[in-house]
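Undergrad: following is a predicted model, sequence given first.
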Amino acid sequence: MALLLAAIVVFSGMKAIAQDTTATIVGSVSDPSGAAVGNADVTVTNTQTNIAVDTKTTESGAYTVPNLIPGTYSISIKVQGFQTISIQNVTVAAGDRRRADAALVVGAVNETVEITTAAPILQTDASSVGGNVTERAVQDLPLNGRNFINLVQVMPGATEGAPNSINSGNRPDDRRPSSSISINGQSEVLNDQLVDGLDNNERVIGTIGVRPSIDSIQEVRILTNSFSSDGGRAGGGLINVITKSGTNNIHGSLYEFFRNDKLNAYAYQFGAQAAKPRLRQNQFGGSLGGPIFKDKAFFHGDAEFFRLIKGGLPSNLTVPSAYELAHPGDFSDAIPATGCATIAASVVDPTQSHTTGCVYDPNPAHTADYLRKPIAGNIIPSSYIDPVGLAYFKLYPAPNTGKNGYVGTRNQQQYSTVYDVRVDYHFDTNNQIFAKYIVNDIFTFSPGALPISSVNGFAIDPQTGNGFGSAPQIARNTAVIYTHTFTSNMLMNIGAAWTHINNASYPLNYGVNPNTKLGQPNVNVSQLTSGLAVALPTGLTGLGGVSNFVPLQNKDNSYQLNGNIFYNRGNHSF
């Protein structure tokens, strides 16, 4: 008891590892008369790794085996003077507290009574409310993009979050796939994201830190209500991803999932007359797991690559006519049939002071007659044209519909790379450890609708603004969890973890200094002002601009040291 109290003092200042990472098997042992049998030998064995855990029943006949990796187990119960009880196919998921009782039969120990269990209809030994996305569901259900979040969204008590939220995956400026889950009606940023019971939260906008590959996930545990104190900080729900361990058998996979606009139907409202938006989506990778040393050390690793090129929604823009672009300053094609008349400069009414389509000389030299005179032939003299304004003018593309219309769309790009590796090592029945490392990098590029232009030999993106630009996202997660069994009714686990997230968002032309290259000084004076300054010509689509909140760079390092003590006494578990 002194050792228990000392351990409680040591760990009282640390956040506990979420207990929903592992499972617990509990039960009671009785003789043929129904009396409790104490001091019975109970052995729980993982059928995939042959790792066994030994314990004994208490004086009340109860036993508890905590901290089990999700999987299938067999239970052996031996008492002198009774036949050995063998309970097979006891399957447990993360967070389960599975009951397996046994009634002994008089006989020799070398005689065996074998019992095959079925999954319980109700969970009667735990009070938390939630559910599991099982290994079979994770592996077999079709998922566009292989994002496990889509499985969590259909669990009882959970729904997809707001469709326009920053972590929805639906916005044009989204940098990552969806992590939007609303649990019990709460905001999608109020959930607690975990991997193997350790923190996995991105803290700027409330998204996931790392997103493990589907092939590395054993199962996903979701708690929606009444979870224990180790998950009590979540205002929404607790989502715990349990990574896959290797076994004594070698398992591997290779895959390729793809989508292509050549396989898509034409939009119903437009039919075959309208071109289909470009779509090239490839997701490929593989996994391998197995033993390093049989019954002792195991590994599991995978790599996944995602490549997406997707056409955006067409935008209807207004650009100069082809003639005006070919002859800068020459607006003779815009002269109305009635011609351009000289007007009195003192006329105040703007609707009466000029003729639409005519260019009037702004030169104030005509003060003698107070008249504004049209420029001859509607052709602006080259001496009147500002070189920077002309450079901006050349950023426009030629119209592709009508005289001044341009229907534009450019391809959004997203590239993702995921690496997962986990190694488990069992020193002996009392000491186990596992370590994992996850890499999750994503690069997203969201362009404007106008094409890139080459001015004075430099490539410049003319249409900037909110949502346009590049976003490199870097995420790393590593953890080590050690488990030690002191006695048959007391064990401890300690976990250490590091999560690194580097989220960046840059506007178009970031670092290019386009205004300097267009001949306009004192605009691109720093990295923060290295984009294209805004220009809003009357009657044309604007150029340049500012994107809110960017450039942005967020570096987040989280260090964790966690621990749990499990202690069983009589019918009570602490």
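TA: Great, that's in hand. Residues are numbered from 1 along each chain as shown.

Undergrad: pull the residues that contact the helix or strand harbouring L325.
TA: Assigned by DSSP states H and E, L325 belongs to helix 322-326. Outside helix 322-326, the residues that touch it by C-beta atoms under 8 Å, 6 or more residues apart in numbering are V319, D330, F331, D333, A334, F393, K394, Y396, A398, P399. Any C-beta I mention is one placed from the backbone N, CA and C, and that applies to glycine too.

Undergrad: can I get the CA coordinates of that helix in CSV?
TA: Listed next in CSV are the C-alpha coordinates belonging to helix 322-326 (Å, rounded to 0.1, in the frame of the first residue of the first chain):
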residue,chain,number,x,y,z
ALA,A,322,-8.4,41.7,-77.6
TYR,A,323,-7.8,44.9,-79.6
GLU,A,324,-7.1,47.0,-76.5
LEU,A,325,-4.6,44.4,-75.3
ALA,A,326,-2.8,44.4,-78.6
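
Undergrad: so how far is it from its chain's centroid?
TA: Using C-alpha atoms, centre = their mean, to the nearest Å, the distance from the centre of helix 322-326 to the centre of the chain it belongs to is 46 Å.

Undergrad: roughly how far apart are L254 and F284?
TA: Per C-beta to C-beta, to the nearest Å, L254 is found 8 Å from F284.

Undergrad: so these two - more neighbours on which side?
TA: F284 (14 against 9; other C-beta atoms under 10 Å).

Undergrad: just checking, what packs against the helix or strand containing that one?
TA: Here F284 sits within strand 279-293, counting by DSSP H and E. Applying 3 or more C-beta pairs under 8 Å, 6 or more residues apart in numbering; DSSP states H and E, one finds that strand 279-293 contacts strand 251-260, strand 297-311.

Undergrad: any idea which of those is most buried?
TA: strand 297-311 (a mean of 19; mean count of other C-beta atoms under 10 Å).

Undergrad: quick one: that one to strand 279-293, angle?
TA: With axes from the mean of the first three to the mean of the last three C-alpha atoms, to 10 degrees as the basis, strand 297-311 and strand 279-293 are set at 180 degrees to each other.

Undergrad: direction included, what does strand 297-311 pair against?
TA: Partners of strand 297-311 in the sheet, by DSSP bridges, are strand 279-293 (antiparallel), strand 411-428 (antiparallel).

Undergrad: L263: which of those strands is closest?
TA: strand 279-293 (8.9 Å; C-beta to C-beta).

Undergrad: what angle separates that closest one from strand 251-260?
TA: Interaxial angle, strand 279-293 versus strand 251-260 (the same axes, to 10 degrees): 180 degrees.

Undergrad: buried set for strand 279-293?
TA: L279, R280, Q281, Q283, G285, S287, L288, G289, P291 (16 or more other C-beta atoms under 10 Å).

Undergrad: how about those, which pair is most distant?
TA: Spatial extent of the buried residues of strand 279-293 (C-beta to C-beta) is set by the pair L279 and P291 at 41.8 Å.

Undergrad: who's the closest spatial neighbour of G289, skipping the chain neighbours?
TA: Distance criterion C-beta to C-beta, 6 or more residues apart in numbering; nearest residue to G289, sequence neighbours excluded, is H300 at 3.5 Å.

Undergrad: ok, the one you found - contacts?
TA: With C-beta under 8 Å, 6+ apart, H300 has these contacts: S216, T243, K244, S245, G246, S287, L288, G289, D420, V421, R422.

Undergrad: OK, contacts around the last one?
TA: Just to be clear, that refers to R422. S216, T243, K244, S245, G246, F299, H300, G301, F434, A435, K436, Y437.

Undergrad: now for the first one, how many residues are close by?
TA: For S216, the number of neighbouring residues by other C-beta under 10 Å comes to 26.

Undergrad: roughly how far does it sit from D196?
TA: Distance from S216 to D196, by C-beta to C-beta: 11 Å.

Undergrad: overlap in contacts of those two?
TA: T243.

Undergrad: just to revisit the earlier point, a markdown table please, covering the helices and strands packed on strand 279-293 and showing distance to V189 and mean pLDDT.
TA: As requested, the helices and strands packed on strand 279-293 are exported to a markdown table (distance: least, C-beta to C-beta, whole Å; pLDDT from 0 to 100):
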| stretch | distance to V189 | mean pLDDT |
| --- | --- | --- |
| strand 251-260 | 29 | 92 |
| strand 297-311 | 24 | 93 |
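
Undergrad: let me know which of the ones you listed is the nearest to I208.
TA: Minimum separation from I208 across those (C-beta to C-beta) falls at strand 297-311, 15.1 Å.

Undergrad: so which residues of this protein form helices?
TA: Per DSSP state H, the chain carries helices over the ranges 2-11, 135-140, 149-152, 322-326, 387-393, 514-517.

Undergrad: can I get the fifth one as PDB, trimmed to CA atoms?
TA: Which is helix 387-393. Provided in PDB are the C-alpha atoms of helix 387-393 (Å, rounded to 0.1, in the frame of the first residue of the first chain):
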ATOM      1  CA  PRO A 387       4.600  52.600 -67.300                       C
ATOM      2  CA  VAL A 388       3.400  50.900 -64.100                       C
ATOM      3  CA  GLY A 389      -0.200  51.200 -65.200                       C
ATOM      4  CA  LEU A 390       0.700  49.800 -68.500                       C
ATOM      5  CA  ALA A 391       2.500  46.900 -66.800                       C
ATOM      6  CA  TYR A 392      -0.700  46.200 -64.700                       C
ATOM      7  CA  PHE A 393      -2.700  46.400 -68.000                       C
END
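
Undergrad: pull the residues that contact that helix.
TA: Under the contact criterion C-beta under 8 Å, 6+ apart, helix 387-393 has outside partners P320, L325, P328, G329, V455, N456, N515, L518, G519, Q520, A535, L543.

Undergrad: any chance of these in a markdown table, with neighbour count, pLDDT and distance to R98 too?
TA: Below are the contacts of helix 387-393 laid out as a markdown table (neighbours: other C-beta atoms under 10 Å; pLDDT from 0 to 100; distance: C-beta to C-beta, whole Å):
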| residue | neighbour count | pLDDT | distance to R98 |
| --- | --- | --- | --- |
| P320 | 22 | 90 | 73 |
| L325 | 15 | 89 | 74 |
| P328 | 15 | 88 | 78 |
| G329 | 17 | 86 | 82 |
| V455 | 18 | 75 | 69 |
| N456 | 12 | 72 | 72 |
| N515 | 24 | 87 | 67 |
| L518 | 23 | 87 | 70 |
| G519 | 13 | 87 | 74 |
| Q520 | 17 | 87 | 71 |
| A535 | 16 | 86 | 68 |
| L543 | 23 | 88 | 65 |
